[in-house]
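S.K.: sequence first, predicted coordinates after that:
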Amino acid sequence: MLQLILLRHAKAAPGTDADDDHARPLAPEGREAAPRMAAALAAAGAVPEIALVSDAKRTRETWELAAPSFPNAKVSFLKSLYLCPAETLMLEAEKSGASSIILVGHNPGMHELASRLAYRNTELDQKLRAKFSPASGAMFERKDAKSSWRLHAFVTPK
């Protein structure tokens, strides 16, 4: 069984026009939600071997708070995942060669990728496609590289 886990960074502190978006930290609500959402994904069966995380401050902080739920995941912080499109997220996951990967990144790319993979139109698929809010997580599984992904779990902070 192959797993692809998507975790959007938790709620970030508001920025200003003068702020460097890349350096925005998590808000207090985000610091509370990140470990809770990671624990919910782990309880649903998420066991990533590798964590690919955007190198932005808020995604790094999200991973730091989520990591205890995934103790065996080896982490890489990638500049290429900062505000990237869905195609880049999937390309980086495929390049890793791992059978279970967690991606920690940003919208709109995370929601776009999750929506593409949740195409079966089940109630859970529809819920995911409607909104992928901060700290939301989705776990997809497939039998092998030739089969299609299926949404196994979707967790949100609310």
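M.R.: That came through, no problem.

S.K.: hey, which helix or strand in this structure has the poorest pLDDT?
M.R.: For the chain, scoring each helix and strand by mean pLDDT, DSSP states H and E identifies helix 123-130 as the least confident one, at a mean of 94.

S.K.: how about the helices in this protein?
M.R.: Across the chain, reading from the start of the chain, the helices by DSSP state H fall at 28-43, 57-66, 86-96, 109-117, 123-130.

S.K.: among these, which comes closest to Phe140?
M.R.: With Cβ to Cβ, the closest approach to Phe140 among the helices of the chain belongs to helix 109-117: 5.2 Å. Bear in mind the C-beta positions are built from the backbone N, C-alpha and C, glycine included.

S.K.: mind giving me the packing neighbours of that closest one?
M.R.: strand 2-8, helix 86-96, helix 123-130, strand 137-142 (3 or more Cβ pairs under 8 Å, 6 or more residues apart in numbering; DSSP states H and E).

S.K.: where in this structure is pLDDT low?
M.R.: 16-19 (pLDDT under 70).

S.K.: got a list of contacts for stretch 56-72?
M.R.: Residues external to stretch 56-72 that are found in contact with it (Cβ atoms under 8 Å, 6 or more residues apart in numbering): 7, 9-10, 12, 21-26, 30-31, 34-35, 37-39, 41-42, 46-49, 51, 53-54, 73, 75, 77, 81-83, 102, 104-106, 135.

S.K.: what's the answer for stretch 80-93, then?
M.R.: Residues contacting stretch 80-93 (Cβ under 8 Å, 6+ apart): 4, 6, 22, 52-56, 59, 78, 101, 103-106, 108-110, 112-113, 116.

S.K.: show me how far stretch 86-101 is from its chain's centre.
M.R.: Shown here is stretch 86-101, whose average C-alpha point lies 12 Å from the average C-alpha point of the whole chain (Cα atoms, centre = their mean, to the nearest Å).

S.K.: got the buried residues for that stretch?
M.R.: 86, 88-90, 92-93, 96, 98, 100-101 (16 or more other Cβ atoms under 10 Å).

S.K.: out of those residues, which one sits closest to Asn121?
M.R.: Of all these, the one sitting nearest Asn121 is Ala86; the distance, using Cβ to Cβ, is 18.8 Å.

S.K.: distance of that closest one from Ala67?
M.R.: 24 Å (Cβ to Cβ, to the nearest Å).
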